[in-house]
Every structure is written in C-alpha cells, then in structure tokens.
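Okay, here's the prediction I keep looking at, along with the sequence it came from:
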Amino acid sequence: MELCDHSLCIESVSARSQQWFGGTNYVHMLVCLFCIFGCFDDQGMPEKIGVYPTASLTSHRSESATRGRKAVTSLRRASLETEGDALRRAPSETEEDVPTKSHVQHTRVAAAPAEVRVPTGRTGELHAGAVPKLAASGREQQTKRPRAPGQHIERALAGRHHARYIRALYDRLGGDLLFHQDGVLTGTGRSVLALLQDVASHGLSPADYGVAAYRDEDSEDVSREAARDVALAYGVLRYVGDFNYALWAHPFQTTRSWAELLENFGDDIVAFAAEMFPSVDVGLKDLWPTDPLYAKVRKALPVFQSKLPGWRQQPALSWRWKNFEPGDVHWLIGDYQRRLAFDGYYTGPVNRTLDEETIRAVKAFQKDHGMVEDGQPGKTTNWRMKTTRRDRVNQLRATLFHLRESQSRRDRATTFVRVNVAGADMQLFEDGRLVREHRVVVGNNDLEGNRQRWRQGHLNRTPVMKTRLYEVVLNPVWIVPKRIKTGEFAGKSAGYLQSKGIHAKGDVLVQSAGAHNVLGRVKFLLERTNAIYMHDTNRPHLFETDDRYRSHGCMRVSEALGLARHILTKSGQLTDTSFDAVLAAGKRKKFALEKPIDVYVEYVATGLDDSGRLVFHPDVYGYDAAFAQGKLPRRGNVRWGANALRPRGVPQIPFRAYESLYAAGGLAPLTWPAPTSD
C-alpha cells in the first residue's frame, strides 16, 4: 500500500497506537486519514499549515478520503487527546511533536519559513503574521485558537425554528455572544438563566423555553458555547412575547401559537428585547405585573398544586339545596360538613346538624370566596362548593395569564375605569391611584335567542373589551331593545307596561325617566360597544347579593350617582349644587366629556379582600376552564336553530332549511317545520 510520508506524525503516536492495533499498516492508514482530516478545510480544500515534507496535499482529495474524514472523527479526537497525555508524561520526546487537543491545530516550523499562518478555526480562516512563541527548550507552545463567535452562532442557528428572529437580536446587538465570555456564563447570563428556569412559578411551561436541562459550566468549545448562548437568546424572546404580547388566555382574541405570535409581532419582540440590554435580567423582571394580586397568586399556586394528589376523593354534593335554620338536622348538612372538612374548614363530627361549628366553617368558606358571610349553605354556596382542587389550580394559573395580558397594564394606563366581570366589581384610577370602588351587576350566562338577528347562545355575557366612557346622561330614558320587546315583553298587556312607565312611540317601547326606570338616575355611554353601557338601577338590593350575574350585558353600577358626580365635578361641567338641581328637574340631560375615560372590561376570577387575603370568584362564563382544556377561543353564539348553544323554546333547524328561512326574512321561527293549516 502506498502511504504518504507523514513520518513525524507517525512517530509521535506509533508507540501508543501499537498497543491498540498491533500492526504498523493500520497505524499508517489511521494517521493518514487524521492528517487528511486536519489539513483540509470544510470545503475539501488544502489549508496552508506550515511546511510539510511531502508534495502537494491535493493528492489526498479522493472521494474515499473525504468520506473517511467523517468516519474517523471520534477516533481522531481520542488519538490526539491520548497523544497529549503521553507527551505530558514523557517530556524528553522529540521537539517537533507538539501536544494538542482535538480543537487546537499545531504547526511545524520549517527551516526558514517566510511566514507562518495559524488557523483561527475549523473553516480554515488564517491569521497572517501570527508566529507562535518558542519555549526555552525549543519546543512550540500551544496556540489558543482566537474566538470567532459569529460563525458559531450561525451554526447554532442552523435548522432552528424561528432562527430569523434570534439572528435579528444578535445583529441588533453587534453579533457577539450575549451571555458568555471566555467560555463562562456571565453574571447577567446566570440571572437570565434563573428567570427562564423559574417560568413555572408564572404558570408558564418550562418546556417552551428549552433551558430546563441547561447546565452552567465552563466550556472551551466555542460551538457549544454559542449553542447555549442562542438558547438563552431564544428564551429572552419567548419571555418578552409571553409577558408583553401574547394573549394565550383571552376568550376571543386568543393567540393560537408561538409561530403566529412571531408572525404578527416578531420584529416588535426583537426590538423590545434589544432595548433591555445590557441589563436584560432587570428588564425581564420589569415585565412582571406590579398588581399585588400577581405576587399573591404566584405564592399560592405551588401550595395548591401540592394539594392536588387525592383531589378526586373530594366528597360529592347534590344539586339539591335548601335554606336551613340553626339547629336543623338534614342529610344535606352532612354532605356540607364532609366537603368543608376536605378543605380544612370544618374539624367537627359529621352529625348532619347545622350547629355553631358548622356555621363558622360555612362563613370561613364564604369569606374566601367573596360571598355574603351569612353561614347559610344555600344555593350559591352549594354551587361554589362544587369547585375542585384541580379547578382551583387552573383558576390560579389562568389568573396569572389574565394579569399579564391585562390591556390596562400593557397600555400603562394611569386614569381609567376597570371592570372585572368575574369579580363583579369596578375600580376608578386617576393618575395611577385607586380613587373609587363599586360593585357591579354584569351579564348572565343564560342561553338566549335573538329572533331579529337569528342568533342564539350566551347573548347576555358582558364582553371582554377596551372602550371609552364619552358621555354621562342624567335622568335617562330606556329604549327597550328589540330582542327584549319580542322576548320577555312578548304577550305583556298594556296595563303591565304602563305600570312600569313604558309606552309606545311608533314601533319602539320607551320607559320614561325616574326612579322606576331600569337604568336608574344615570347612565354612562361607551364607544363602539353595540348598546353595552354602564348605568344605575332601580333594584339596588342586587348589589348586596352573591349572584351579581343577572343583566342582559350592560353593567349596573352601585352608587352610580356618586360616580357621576365625581366625574362631572372633576371635569368642571357641574358643581355639587348644579348636579343636584339637574337631578331634581327630572329631565334628561347629556354631558359629553372633553377627555373621554378609558374603560377596560376584564375577566380575572381571583382577587384580594381588604385584608390582602386571596378571594376566589366563580368562573361564571367558563373561560378559565376552557383555557385549561385548550378550548379557546370560545364561541359565544351561533346561528338560530343550531344544535349547539340552543336555548329552550328554539327548534332545531337543519342548515339548509335555515338558509331558506333566513333568506325569506322576518323573525326567526319558534317552530319547525312550520305548522300547516287545513
């Protein structure tokens, strides 16, 4: 077999290799392949590394040798590392042999070379004029390869999803490594890594960030270092996206995937992330909501998660309920005692008696759920006790998402009204300060039908939205909506309508202004809300109940006159005296606001009471349950006669029949097929 004359290379490893293979020919073949691998760049072109005693290395560019390079990569690494160990143990060996590591190439010094060029990396880029220093013994010292992170970053990005956005972040910041220096994770890098590995405490999945298995360890392998750096850069982009752009838990405007989010906001996310450097760890923490509720829920989530084992053993409750008097004995009370004991509210015996200890346990449960603390396990308390521990964990996790995705937070609003549908309450902020709080009655979750629009479903839900309060109306009149006219008021006698102050104006029913008006004494008009607004009510006792989910979609506000007085006097349109005079006159009067007030209607099923304790509200519209099941966005309504979301009294109509009926016009039918007359 004709072999190349790499005699010096063979001499340096033959002693060790003889023990492995037991034959010189095998050693020669192996070393030749090693030399071919080391002397050719990635494109198969010869690298000018020192001066070799053989002729041109191009004679080795055979197709089989190229395949051989790849086949012996791991053997080459083991051989060179073993060679280095042997030379370190035997310093008397020939001076021309230099110990190397797998990623460091070595050179031979010719008699009088004009210039020695040292490779800067595996790609064969050469740095001219770099002459290695010689030790006192005449042996060459190892030359550390200059780092060229740019090319390694590109390799780390190869084949990675969404590489364009990660590359854009590096381009904005100069193209160098962001979190490593000399093979070591920087202090900022460690902080960022800790934040990314702690995303579970925010209700997020660590698997989405790809750093769960990341290890903070030194590395002289620039390629590995770059891959780790890229992983952290991706984590930063994901963090910014999750905290500042995504709407994972929004019931209707739901972000469907990370790819969709990047398609819509990728460039914005990159720009936002780049602005946080070099203090990127501080910038990521600044994305956390400052609402005290967020910190409370983060702390409570692992506590409730630890209680999940055995949650299926929660005692079942009947849908039957009744009001009891103290001292009553009933089997339902025994069920309540077992249920309260399961969550630690009750410690007494299951005696099926509504005694003092049972009443005290019911009150504690009601307090934690923002209910009226009457100690009566009635209809609403029975319903709320059916919530499982699994439901509670899902609710807490969804709350973290809702708080991060709050439009008022992302808008950095300072003066605004915030309505929480799940909590049935409202807050007014001015210059970042909470100045007023009100209870509200919001839309019910009943299935309804709208014959005018040929729609059915949860038509009365108060929508999650952003709008503006632009006008205050004192002594309003109520124009009865058509769907209520043809629904609830259908068949009502003229005497009944007159007793409610309702009279007809053409085809429209109008309720006159006054204390009897369902809108009360004031209403607040909102922009682009399809007849959804805030108003007073003629039934103020509803604000003292637990079930404040009763309206047709509008928001009834407790102490609404106080809110109207505050807004109009602060804007300078009325004084306290003139406000009272307008009310006493009893005639409708409109006041347009020069500066409309932002209104955010949100859905957060967890809150804080006055003492800072967590309060659990009902998931009245089922949005949190749908989020936990991955069933967002939700459908609120469908066509008339569809089988889904069909209320009582609406016939099931096939789609083709629906099309023909709808095309004919008129009101949606209450029967199908339509009855025929003889």
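Structure received. Given the structure is predicted, the values throughout are model-derived calculations rather than measurements. Numbering: from 1, shown residues only.

and stretch 490-497, how far from the chain's centre?
Computed by C-alpha atoms, centre = their mean, to the nearest Å, the chain-centroid distance of stretch 490-497 equals 51 Å.

and it, which residues are buried?
Neighbour-count burial for stretch 490-497 flags residue 497 (criterion: 16 or more other C-beta atoms under 10 Å). Yep, even glycine has a C-beta here, placed from its N, CA and C like the rest.

low pLDDT regions in the stretch 201-350 of the chain?
Within the stretch 201-350 of the chain, the ranges that satisfy pLDDT under 70 run 213, 216-219.

oh sorry, the question was meant for the stretch 1-150 of the chain
Those would be 1-149, if you go by pLDDT under 70 across the stretch 1-150 of the chain.

where exactly do the strands run in the stretch 101-250 of the chain?
With DSSP state E, counting those that start in this stretch as the criterion, the stretch 101-250 of the chain has strands at 118-119, 126-127, 180-181, 184-185.

Can you give me every residue that contacts residue 363?
373, 374, 375 (C-beta atoms under 8 Å, 6 or more residues apart in numbering).

Next, format those as a markdown table and append pLDDT.
Listed next are the contacts of residue 363 as a markdown table, based on pLDDT from 0 to 100:
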| residue | pLDDT |
| --- | --- |
| 373 | 94 |
| 374 | 93 |
| 375 | 95 |
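
Return the member of those residues nearest to residue 410.
residue 373 (35.8 Å; C-beta to C-beta).

just checking, next helix/strand downstream of whichever strand or helix holds residue 390?
Per DSSP states H and E, residue 390 falls inside helix 389-404. Sequence-wise, the next helix or strand downstream of helix 389-404 (DSSP H and E) is helix 407-410.

for residue 340, what are its contacts?
Contacts of residue 340 by C-beta under 8 Å, 6+ apart are 346, 358, 361, 362, 365, 385.

now with 7 Å?
346, 361, 365 (C-beta atoms under 7 Å, 6 or more residues apart in numbering).

State whether the first one is indeed within a helix.
No. Residue state for residue 346 (DSSP: H, G, I helix; E, B strand; the rest coil) corresponds to coil; a helix is not indicated.

gap between it and residue 604?
Distance from residue 346 to residue 604, counting by C-beta to C-beta, to the nearest Å: 29 Å.

Between the two, which is the more surrounded one?
Per other C-beta atoms under 10 Å, whichever of residue 346 and residue 604 has more neighbours is residue 604, with 24 against 21.

Just the mean pLDDT for the helix holding residue 390, thanks.
Averaged across helix 389-404, pLDDT comes to 97.

ditto for stretch 155-167
Averaging pLDDT along stretch 155-167 yields 92.

How far does that stretch sit from its chain's centre?
Per C-alpha atoms, centre = their mean, the centroid offset for stretch 155-167 relative to its chain is 22 Å.

Quick one: neighbours of residue 539, just the number.
For residue 539, using other C-beta under 10 Å, the count is 11.

do the one 3 residues further on as well
The tally of other residues near residue 542 (other C-beta under 10 Å) stands at 16.

so it sits right up against residue 548, yeah?
Yes. Between residue 542 and residue 548 there is a contact under C-beta atoms under 7 Å: 6.4 Å.

shared neighbours of these two, which are they?
Counting by C-beta under 7 Å, 6+ apart, the common neighbours of residue 542 and residue 548 are residue 441.

for the protein, what's the longest helix?
For the chain, the helix with the greatest residue count under DSSP state H is helix 222-244.

sorry, back to before: what's the closest of the contacts of residue 363 to residue 235?
residue 373 (45.6 Å).

Tell me who's in contact with that closest one.
Contacts for residue 373 (C-beta under 7 Å, 6+ apart) come out as 363, 366, 367.

Out of the residues you listed, list just those in helices.
Reading helices off the contacts of residue 373 with DSSP H, I get 363, 366, 367.

quick check, nearest of those residues to residue 156?
When the ones in helices among the contacts of residue 373 are compared for distance to residue 156 (C-beta to C-beta), residue 367 wins out at 54.0 Å.
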